[in-house]
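Colleague: Sequence and predicted structure, then a few things I'm wondering about:
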Amino acid sequence: MERIQTTRLTKTQLLSMITLYEIGSTTLFAMGIGAKQDAWVVVLLAMLVGFLLLWVYTDIARRMPGAGWEEILDSVLGKWLAAPLIFFYACYFFYDACLNFFEFGEIIHLHLLSNTPTLVINSVFAVTVMYMLALGLAVLARTSELLMPIFLVFLLFTLFFAVISRHFEVSQLLPVLSDGMAPVLKEVPTTVTFPFGETAVFLFYWKYAERNQIRSTAFRSVGFAGLLITAMQIVIITVLGPGLAANATLPLMEVVLSINIGEILTNLDVLLVVMIFIGGLFKMSINYFAVVLALSYLFRATNRVVIVIITGIGILWYSMAHLETLPRQRWIAGKELIWQMDHYIYQLIPLLVWILLVLNKKRMAGREAEGAS
Amino acid sequence: MKRIGLIICSLLILTGCWDKRELKKIGIVTAIGVDKGSDPGDLIFTAQVMDPTALEEGTSPEKASVELVSSTGKTVFEGLRKLLQDFDRRGYYAHNKIIVVSEKLAKEGLLPVLDMMKRSIEVKSYVWLCIAKGTEARKVLGVKQEGIENVQANYLKGIVENKRSNFNSATLTMLEFYKIVLGSGRHPVVTTFSIVKKESLPVEEKELGPVTDHVRLSGGTVFQKDKLVGFLNEVETRGYNWTVGRAENGIIPIPSVIDEGKPASIEIISTEAKIKPEMKARSVSFTIEINERIVLVEDQGLGEIKTDQQWFLYLEKVEREAAKKTEREVEKAVRKAKELRTDFLGLGSALNKKYPKTWKKMEDQWDRELPDLEVNVKANVRIVGSGELRGPLKAK
């Protein structure tokens, strides 16, 4: 407990954690493709909205320095309201971690190791993550710092090769906004909640970072990640065209497989698999560790390793037993099991808390002024 | 010690070869053909499988480098797996170069035929999509190659890629086909193979007799969405290539400007094409503008050029001839598009990009109203040189 509490995240560690978390599983989707060739506009707009949310999230950290989200909820809402809410937050990030976890296991199973049972792939993955998290946040942070350059180099290489390959066609992006803003705006909310609003998870982590670095680092990394995601959408659309992009199971995989440069640079799917793996690993681990933080606060656990192991087994069990197949997971992730609005709720509660904090401060200031006079 | 034990354990547990595909156990498929079967609804799937032993040094040249295997099925994948009933190695499709579909099958639509290949992770979307004009796909794959390549599919791929320096034919990859068919305002023109008879001379030592079959890449196949509707001849194909900016390189024959009645040829260095839609009161008109840079590479006419001014004026005349020729070729393609009522030049797509609102209104009846459209063609030619000679020579 003591050891973990004293963990400090350096600027680069925070930067790489947020960037990897944001890009995370977006490599598996064509974001905002409902707006066809304007999908990249959707991502940019969503990023701007995401900035607003991020400003609120970081402002909470500024107002309550050194406190994690669980402590903030406790002190703002009181014990009785906070306890169930912290538990719900744990559930939400647990569920999010399950979705990520399952997705990556399943994709590796479907596309690469088709004869290996999913259980084996998932277990190996889960044990690795459990081991990493049992060692504490410092290991997670340092691993992200280590893998981030690899991830970026692979991503940039993929984008670069796609751009110089035969199938890159900028004209696929035209006409821009042919149906006006309506289809774009319709897609924005879902793109805000995934991945930009998900930065809410870092409310659990701000207390480990240097107070004065939080906001600038967070904005920089989300902006950076957002631009990379936009670039990914542009490449997907220009290479595949909006029609195929909307219908491909893994659009970026299609893009990567279409690369053929001089008969030498072909079959580059391994680049993407490394990216999927690293992105997935951190998306999942950061959600997972937030669950661990919430639960250990809730149950006043002194031994965090136990919580890590229990949660890890829970994730493994839940994703194997309930998500079953990728199409089912995709359907459930948006709609079924959990109430459709859950993303909005969990990402907007911080806004509420922030308003309370602001009001509280005003009241305090008012009282102080009264007392002085 | 404990750590070392752990590492050894992981080495034993975590490595594995479940998913191995041994080179000795697979048959590398180099080309795929799909034909219509004799029973309605049947497909004939043909795979050209490479035999690596024939490519080893020291094997007798009589041994064929590829095997051609076919089987019939209701679906492409059924046919593919049925192959295994009379062929000993399971196919590996990641090195497939080419997909050939017969004309008859393409008339019924290509999307259902290609579905399996697009789903597969092994068949890459950059493979060339080709139509067997007037023949069966398996016959195209079965013609003995004439070129230098040992593997027939590499020979087919070679002639498809030769289009880069010879724009008499259209070429299209599977991904490009999908992009055009799923997009709006343009129809695809697909790579076309036909089989021609050719006489061989004694030096070629052909066992098949003096007249043999050869594959030729020529013209293009026009699709209305994913259904075959017609063929382009070589001139129309050139017009198509000009319009879509795919005339990367090639030779254009023009009449000599210095010696009437003699031919000359110019080579394309680069081209750029723009389709400019213009809104008029009731209708839209189009200008196809082609900017090309060329070089004079041959002039069979006899004559003499003495001064730089003469040289300049001579080349200027060549420019005009080239522009005339280009415009005529593009006009032929436009006429063909109107005749087939199929907008394979992408006029609609250009309209969509500039005036999306107008396009939305006209989209549905676009192909039907194509013949009434006004299309102007304009070629801007810049000649950059005349090779190593200033002008033609004349014997004294």
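Modeller: On my side now, so go ahead.
Colleague: alpha carbons only for contacts and neighbour counts from here, please
Modeller: OK.
Colleague: OK, contacts around the residue lying closest to A:Tyr205 once chain neighbours are set aside?
Modeller: The shortest distance from A:Tyr205 to any non-neighbouring residue, by CA to CA, 6 or more residues apart in numbering or on different chains, is to A:Gly68 (6.6 Å). With contact taken as CA atoms under 8 Å, 6 or more residues apart in numbering or on different chains, A:Gly68 is in contact with A:Leu203, A:Phe204, A:Tyr205, A:Trp206, A:Lys207.
Colleague: so how far is A:Lys361 from A:Gly68?
Modeller: Separation of A:Gly68 from A:Lys361 (CA to CA, to the nearest Å): 19 Å.
Colleague: Determine the number of other residues adjacent to residue 178.
Modeller: As the question left the chain open, I've gone with chain A. 17 (other CA atoms under 10 Å in any protein chain shown).
Colleague: Hmm, no, I was thinking of chain B.
Modeller: Quick note: B:Tyr178 (other CA under 10 Å) scores 21 neighbours.
Colleague: So for it, what's the pLDDT?
Modeller: If you check B:Tyr178, the pLDDT there is 92.
Colleague: got it, and the one 5 residues further on?
Modeller: At B:Gly183, the predicted lDDT confidence score is 88.
Colleague: Surely it touches A:Leu244?
Modeller: No - using CA atoms under 8 Å, B:Gly183 is not in contact with A:Leu244, being 9.1 Å away.
Colleague: what helix or strand does A:Met31 sit in?
Modeller: Under DSSP states H and E, no helix or strand contains A:Met31.
Colleague: any idea how far A:Pro195 is from it?
Modeller: Distance from A:Met31 to A:Pro195, by CA to CA: 10 Å.
Colleague: Comparing those two, which residue is more hemmed in?
Modeller: A:Met31 (28 against 24).
Colleague: From B:Ser184, how far off is that one?
Modeller: Applying CA to CA to A:Met31 and B:Ser184 gives a distance of 22 Å.
Colleague: Now do the phi/psi pair for the closest residue to chain B within the stretch 151-300 of chain A.
Modeller: Proximity of the stretch 151-300 of chain A to chain B (CA to the nearest CA) peaks at A:Pro175, 4.4 Å away. Main-chain torsions, A:Pro175, degrees, to the nearest 10: phi -80, psi 140.
Colleague: With the one 5 residues further on instead?
Modeller: As for A:Gly180, its main-chain torsions (degrees, to the nearest 10) stand at phi 80, psi -170.
Colleague: returning to what we had before: and the spatially closest residue to the residue of the stretch 151-300 of chain A closest to chain B that is not a sequence neighbour, how many neighbours?
Modeller: Nearest residue to A:Pro175, sequence neighbours excluded (CA to CA, 6+ apart): B:Lys353, at 4.4 Å. Here the count is done by other CA under 10 Å, and B:Lys353 has 20 residues near it.
Colleague: State the helix or strand in which B:Lys353 lies.
Modeller: Per DSSP H and E, the secondary structure element for B:Lys353 is helix B:347-354.
Colleague: any idea which helix or strand comes after that helix?
Modeller: Past helix B:347-354, the next helix or strand by DSSP H and E is helix B:356-362.
Colleague: Those residues of chain B touching chain A, which are they?
Modeller: Counting by CA under 8 Å from any CA of the partner chain, chain B comes close to chain A at B:18-19, B:121, B:124-126, B:175-176, B:178-179, B:182-183, B:352-354, B:356-357.
Colleague: Show me how to select, in ChimeraX, the buried members of those residues.
Modeller: Burial among the residues of chain B next to chain A is assessed by 16 or more other CA atoms under 10 Å in any protein chain shown; the matching ChimeraX selection reads:
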select /B:121,124,125,126,175,176,178,179,182,183,352,353,354,356
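Colleague: Which ones among the residues of chain B next to chain A lie within helices?
Modeller: Applying DSSP state H to these, the entries found in helices are B:Leu175, B:Glu176, B:Tyr178, B:Lys179, B:Leu182, B:Asn352, B:Lys353, B:Lys354, B:Pro356, B:Lys357.
Colleague: pretty sure B:Leu83 contacts B:Ser71?
Modeller: Yes - here B:Leu83 lies in contact with B:Ser71, judged by CA under 8 Å, at a distance of 5.6 Å.
Colleague: Dump the ones in helices among the residues of chain B next to chain A into CSV; add distance to A:Phe160 as well.
Modeller: Shown next, in CSV, are these (distance: CA to CA, whole Å):
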residue, distance to A:Phe160
B:Leu175, 19
B:Glu176, 19
B:Tyr178, 22
B:Lys179, 20
B:Leu182, 25
B:Asn352, 28
B:Lys353, 26
B:Lys354, 28
B:Pro356, 30
B:Lys357, 34
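Colleague: ok, residues contacting the one helix or strand B:Ala153 maps to?
Modeller: According to DSSP H and E, B:Ala153 maps onto helix B:152-161. Contacts with helix B:152-161, where a contact means CA under 8 Å, 6+ apart, come from B:30-31, B:48, B:66, B:97-98, B:128, B:141, B:144-145, B:147-149, B:171, B:191, B:217.
Colleague: Just the closest of those residues to chain A, please.
Modeller: B:Lys97 (10.7 Å).
Colleague: Now do the buried residues in stretch A:140-154.
Modeller: A:Leu140, A:Ala141, A:Arg142, A:Thr143, A:Ser144, A:Glu145, A:Leu147, A:Met148, A:Phe151, A:Phe154.
Colleague: nope, stretch B:332-342 is what I was after
Modeller: So for stretch B:332-342, counting by 16+ other CA under 10 Å, buried means B:Lys332, B:Ala333, B:Val334, B:Lys336, B:Ala337, B:Lys338, B:Leu340, B:Arg341, B:Thr342.
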